[in-house]
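In: Model the following, please.
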Amino acid sequence: MISSAMLGGGIGPAGWVLNAQVPGAYSRTDPVAHLTELAALYGLEGAGVGMLTAASVARTMRRDDAGVRVSATVGLRVPTWAASPAGTPDPELAPLDGTPRSARTPGTINIVVAVPVPLSDAALVNAVVTATEAKTQALLEAGFPCTGTASDAVCVAAASGGAAEEVFAGPRSTWGARIARAVHAAVHAGAVDYTRYLETRG
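Out: Numbers count the residues shown, from 1 in each chain. Got it, this is the predicted structure:
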């Protein structure tokens, strides 16, 4: 697996992925320890990847494309451009309107991609780039002017052993194209669902 997650981030063998929901006003300062506790609670043993989100995991969007499986939790409380001018206040840290954080809607987009073939280290990195590009495309098409949120995480899990490793995972490679389509479909569905969720909150 390759992941940007706090627990189990980086590249290496892993046997499980946990995407855990926390309150919007989450204030623990030891998220790795918390994720380790949650993994033990669910009986997850050995190396794994753990991510946290305030978005509802009950609203997880799952999409498949020719063997690639994607799960995405989409919360867009603070849509964010990746590049912003130096010194720009971080709305995640300072509420824009004085509203307490606990009263606002949840954020974070966490994406888990499962690929049924082995990927080289370079292809794993390439897959993360492809997934991120597809996420951004989906958000823009769903009407959110952003590249994501400041706390997004991604995990790509590939098969190990057996067949020869794929060395490319860009959006025009066989498996990269499937990753891109599945991520795009899952995130777009999640963004549309999030818009409806906001409308029901008034």
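In: Need the residue closest to the centroid of this structure.
Out: For the chain, residue 110 is the residue whose C-alpha lies nearest the centre (CA atoms, centre = their mean; 2.0 Å).
In: Return the distance of it relative to residue 87.
Out: From residue 110 across to residue 87, the span is 28 Å (CB to CB, to the nearest Å). For glycine as for every other residue, the C-beta is placed from the backbone atoms N, C-alpha and C.
In: In the chain, where is pLDDT below threshold?
Out: Applying pLDDT under 70 to the chain flags residues 90-106, 202.
In: Can you show me the helices along it?
Out: Assigned by DSSP state H, the chain shows helices spanning 31-41, 121-141, 174-200.
In: Show me how far the second one is from its chain's centre.
Out: It stands for helix 121-141. Here the centre of helix 121-141 is set off from its chain's centre by 11 Å, with CA atoms, centre = their mean, to the nearest Å.
In: If we go by neighbour counts, what in that helix is buried?
Out: Using 16 or more other CB atoms under 10 Å as the test for burial, helix 121-141 gives 123-124, 126-128, 130-139.
In: go on, the longest one?
Out: For helix 174-200, the buried set under the neighbour-count rule, 16+ other CB under 10 Å, comprises 175-194, 197.
In: repeat for the shortest one
Out: For helix 31-41, the buried set under the neighbour-count rule, 16+ other CB under 10 Å, comprises 31, 34, 35, 36, 38, 39.
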